[in-house]
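Visitor: Structure for this input, please:
(chains A and B)
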Amino acid sequence: MQFIKPDVNINFVGQRFKAFILSGLLILATVVSLFVQGGPNLGIDFAGGILVQVRFTESTDAASIKKALEPIGMGQALVQSFGGEGRKEFLVRDENQGLKLQGLSDRVRETLSATYGKGKVEVRRVEMVGPKVGADLREKALLAIFYAILLIVVYISGRFEQKWGLAAVMAAVLVGATLLVQTLISAAGGQPGGGTVWLILTSLVVTVGLCWLLKLRYALGAIVALIHDVAITVGVFSLLDKEFTLATVAALLTIIGYSLNDTIIVYDRIRENLKRAGKLELGEVINSSVNQTLSRTILTSSTTLVVLGSLYILGGGVIQDFALALLVGVVVGTYSSIFVASPILLLLPEGDSVFTRRASRPAAQPRPEPTPEPVPAIPVSPAKQASARKRKGKKSGKKRRKR
Amino acid sequence: MSKNFAMKAILVGVVIILALLYLVPTMGGKMPSWWTSYLPSDKIHLGLDLQGGMHLILEVETAKAVEASVERTSQELIRRMREEKIRAIRPQAEPGNQISVTLLHENDRAKLEDLIKQGYPDYSVASARTLNDGKIALTMKLSAAAVKHIAEQASTQALETIRNRVDQFGVSEPEILPQADGRILIQLPGIKDPQRAVALIGKTAQLEFKLVDDSVNPSSVSKSALPPGDELLYLYRRDRASGRVSKEPIVVRRRVAMTGANITDARVQIDSQYSEPYVSIAFDSRGARQFADVTSRNVKKRLAIVLDGKVQSAPVIQEAITGGEARITGDFSMEEARDLAVVLRSGALPAPVRILEERTVGPSLGRDSIDQGITSMAVGFVLVVLFILIYYRLAGVIANLALLLNLVLITAALAAFQATLTLPGIAGIILTIGMAVDANVLIFERVREELRLGKTPYAAVEAGYGKATLTILDANITTLIAALVLFQFGTGPIRGFAVTLSIGIASSLFTAITFTRLLFDLYLHQFRPKRLLI
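Guide: Sure thing, here's the model as predicted:
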């Protein structure tokens, strides 16, 4: 069975400007949404506060729960119905920093049972995070994102370009730059959490700048795709007014991994095809590579989406947001590896030179084939194919020697 | 190929057998003894979010321990100065870990400085100035090293005390670990009564005996008008019937007549007259002597029993108590009395503790999470298996076998590494099911391409695996990097996700590449098919 015919040749590269505009709009929406809401909607993990999941034996509503909580100063709490069980289960959330957390979970328990009667209320989950721990967790999460970016950037710049020495230099520059920013921030007396945000931004800017300067074209494409995926996922969360929790951060990191996974596979194909593409246009090669891997991209995404969908629908309320973040991330990641990560290679500086130089490198080809290599299905006309094969034998060999 | 093939077959066989051995304890109920003595017997460990329980992060307020130490020193200094015949106005502990002393005579200054040097090496004279009336105002300050030492000691002692209390509370497999910055992490799996646990763990249980100053009328005196050396405390009474709490002011001497430091035992007794519970405490010989001393010198006076700054009771001393026993009465329920006995037995916390983070999951929610997690995993698995089967037919069967083995390997690895399975951990397994297929999809799509080029099934499989393997490895490394970072920074449930994701990636590489290749080789070798159903 096949969803995607082997000779499929959709002109993805031709659609790139439409795709860029769409992506740009989505990222713009993210920025606007974050700006309007004054930053991401932090859950109690990061903001500090209390979250209580309660189940009542009889149905009730948010307003009366709020009223019941008024005596202990939680009248402003956010009360949401939770899991579809006939309005019996609720999430109560209060991020009021003025609340005295000591013994608060007890007070909530007592107040609710006083109003609804003993045995009619079951407190199923309490999460109480003090402001200090909240700030610590915020810092920790941001650092995790920072280190993930650092490691992955080093990995992909080494991996894609086979320049591990350059990758090490890049890592050193990155660490140096971030250290510099860190000292600048602490000299300016900024608070630590805000500092880490700057750290991440600096590392991203430095990375993109370095890739540009060093002409690490694939690495740059992969990083742009990664930023794209994470940014849009954050935007969707922000637009849906979902909270950012530790689980969301875990999901974002996973999305970073997943997004690169997809990108790496398409890029590997592009490089493989470039080796025997001869004088074919870069755009054509990219497009045929995307088409060749399309079947795989769609298949893997759909199995991942199927399991995540199952987790989202059946996994229960506690894990739902986590599943949602992953779902969004996988959809965006799939879109970006087709429409963004690959076409963007065309926008980056310097023409074929980087690629042909890369092409002389044996690593993308694990071992030489014993049989003479037939040219795979690059969807071009047979005549072109034959001439491409000839050229491959002559010209690219000469080129290599020249360099 | 035959030698290579045999090696691979043996490797795969060994891995499968090991995995099954590790899985058996989790699947089966009680293991027979011959099994547990030779074979793995650890079940998969469930996280707090799945089995229910409580996660606490406490902060020991070590600054308070330092303050208390300074206060004790100032009390002791009064006695020492009397012995040395240094005449001074009562030394007073002050903020900044200082003690101020006002000497009446200039010539006592050298004596006091000598006393400090000899008896209190942790202190140094911070300032001394002669006042207008010839008196000398002197402050002594605790050194920074000593402050640090006291704080560290307080943290260690608090950890020990809490460990003691939790042990007596009866929780199976509690985890109590010191963290950075004097914090303590406490995990109490399967706890039924979180409120009680918090009360028990968090109680400072600083027991003090202080003499009541009956010369002052407590109800009319204001805090500022207290005689020097006195303080105003309250006795809280709870009316059993209405549950209303009333408080009665009591003026006591600030000086501590005796502390609870010398308690050897504390147990709940029932008052035969009112059949109400009280806690009887027993002192060691030193404490007994001290208690006898205090009571014999203050017969007919009232002695306040103060617990964490609240007066429990203030009975009149009828006669000297020499038996080394005392009783603490109050409006206790049986449970409260029992918990008080526990905290008195395990000793006071050197400083109050503050709850910085509390996460409690009730057992019913944990159960639900397990059920929902497993249901969504099963549904996801079946859907993927069906999908792959329809899409790849025979090759799909192979991929599905690999997927099944993958699931077995992940669970076995969880048991083998004693990793904790959490709800996000289950999500990690589910995600792995979706992503593990990727490796096979990559290979199969490659094989299909090669077949279209007219290769024989064997050559196509060979080429497919050859070309896809490196890409698969590389693509998985990025997710592995993300998972490892998560493991490093994540806490509790999230760490569980990082664990299952990492294990899942490793095992899916093994199953999707090595295991399926073995099956393909076997199939191609045995049947030598002209066409490959893929």
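Visitor: how about stretch B:320-333 against chain A, any contact?
Guide: No. Applying CB under 8 Å from any CB of the partner chain, one finds stretch B:320-333 separated from chain A by no less than 15.2 Å. Where C-beta positions appear, they are placed from N, C-alpha and C, glycine not excepted.
Visitor: List the contacts of that stretch.
Guide: Applying CB atoms under 8 Å, 6 or more residues apart in numbering or on different chains, the contact partners of stretch B:320-333 are B:237-238, B:240, B:269, B:271, B:276-285, B:287-288, B:291-292, B:295-296, B:299, B:305, B:307, B:312-313, B:315, B:340.
Visitor: Helix, strand or coil: sort out the closest residue to residue B:111 other than its chain neighbours for me.
Guide: Spatial nearest neighbour of residue B:111, excluding adjacent residues (CB to CB, 6 or more residues apart in numbering or on different chains): residue B:86 at 5.4 Å. Under DSSP: H, G, I helix; E, B strand; the rest coil, residue B:86 falls in the coil class.
Visitor: now residue B:86: how far from residue B:121?
Guide: 18 Å (CB to CB, to the nearest Å).
Visitor: One more: residue A:145?
Guide: 49 Å.
Visitor: Looking at those two, which one has more neighbours?
Guide: Per other CB atoms under 10 Å in any protein chain shown, whichever of residue A:145 and residue B:121 has more neighbours is residue A:145, with 23 against 10.
Visitor: Is the more buried one in contact with residue A:250, as I believe?
Guide: No. In this structure residue A:145 lies outside contact range of residue A:250 using CB atoms under 8 Å: 10.6 Å.
Visitor: what's the overlap in contacts for those two?
Guide: Between them, residue A:145 and residue A:250 share no contacting residue, judged by CB under 8 Å, 6+ apart.
Visitor: List the contacts of the residue of the stretch 51-200 of chain B found nearest chain A.
Guide: Among the residues of the stretch 51-200 of chain B, residue B:195 lies closest to chain A, at 5.0 Å counting by CB to the nearest CB. Taking CB under 8 Å, 6+ apart as the contact definition, residue B:195 lies against A:105-106, A:109.
Visitor: just those now: which is nearest chain B?
Guide: When the contacts of residue B:195 are compared for distance to chain B (CB to the nearest CB), residue A:106 wins out at 5.0 Å.
Visitor: how about stretch A:39-48: buried residues?
Guide: A:40-48 (16 or more other CB atoms under 10 Å in any protein chain shown).
Visitor: Make JSON lines from these and add secondary structure to it.
Guide: Formatted as JSON lines, the buried residues of stretch A:39-48 follow (three-state DSSP):
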{"residue": "A:40", "secondary structure": "coil"}
{"residue": "A:41", "secondary structure": "coil"}
{"residue": "A:42", "secondary structure": "strand"}
{"residue": "A:43", "secondary structure": "coil"}
{"residue": "A:44", "secondary structure": "helix"}
{"residue": "A:45", "secondary structure": "helix"}
{"residue": "A:46", "secondary structure": "helix"}
{"residue": "A:47", "secondary structure": "helix"}
{"residue": "A:48", "secondary structure": "coil"}
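Visitor: can you tell me which of these are up against chain B?
Guide: Restricting those to contacts with chain B (CB under 8 Å from any CB) yields no residues.
Visitor: Dump the residues you listed to CSV, plus pLDDT.
Guide: Putting the buried residues of stretch A:39-48 into CSV (pLDDT from 0 to 100) gives the following:
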residue, pLDDT
A:40, 83
A:41, 86
A:42, 87
A:43, 87
A:44, 87
A:45, 87
A:46, 88
A:47, 86
A:48, 87
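Visitor: now the residues you listed in a markdown table, with distance to residue A:20?
Guide: Shown next, in a markdown table, are those (distance: CB to CB, whole Å):
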| residue | distance to residue A:20 |
| --- | --- |
| A:40 | 25 |
| A:41 | 28 |
| A:42 | 31 |
| A:43 | 33 |
| A:44 | 38 |
| A:45 | 35 |
| A:46 | 33 |
| A:47 | 35 |
| A:48 | 40 |
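Visitor: measure stretch A:155-172 end to end?
Guide: Stretch A:155-172 has an end-to-end distance of 13 Å (CA to CA, to the nearest Å).
Visitor: That stretch near chain B anywhere?
Guide: Yes. Stretch A:155-172 is in contact with chain B by CB under 8 Å from any CB, via A:155-156, A:159.
Visitor: what about residue B:435, distance to residue B:479?
Guide: 7 Å.
Visitor: so where does the residue of the stretch 51-200 of chain B closest to chain A fall, helix or strand?
Guide: Using DSSP states H and E, residue B:195 sits within helix B:194-202.
Visitor: how about the residues of the stretch 101-250 of chain A near chain B?
Guide: Within the stretch 101-250 of chain A, the positions near chain B by CB under 8 Å from any CB are A:101-103, A:105-106, A:109, A:122-130, A:132-133, A:137, A:140-141, A:143-144, A:147-148, A:151-152, A:155-156, A:159, A:246-247, A:249-250.
Visitor: What ranges does the stretch 351-500 of chain B have for its strands?
Guide: Ranges of strands within the stretch 351-500 of chain B are B:353-361, B:420-421, based on DSSP state E, counting those that start in this stretch.
Visitor: quick one: which of the ones you listed is nearest chain A?
Guide: strand B:353-361 (4.3 Å).
Visitor: so how far is the helix or strand bottoming out on mean pLDDT in chain B off the chain centroid?
Guide: Between all helices and strands in chain B, the lowest mean by mean pLDDT, DSSP states H and E belongs to helix B:33-38, at a mean of 73. Distance of helix B:33-38 from its chain centroid, counting by CA atoms, centre = their mean, to the nearest Å, is 32 Å.
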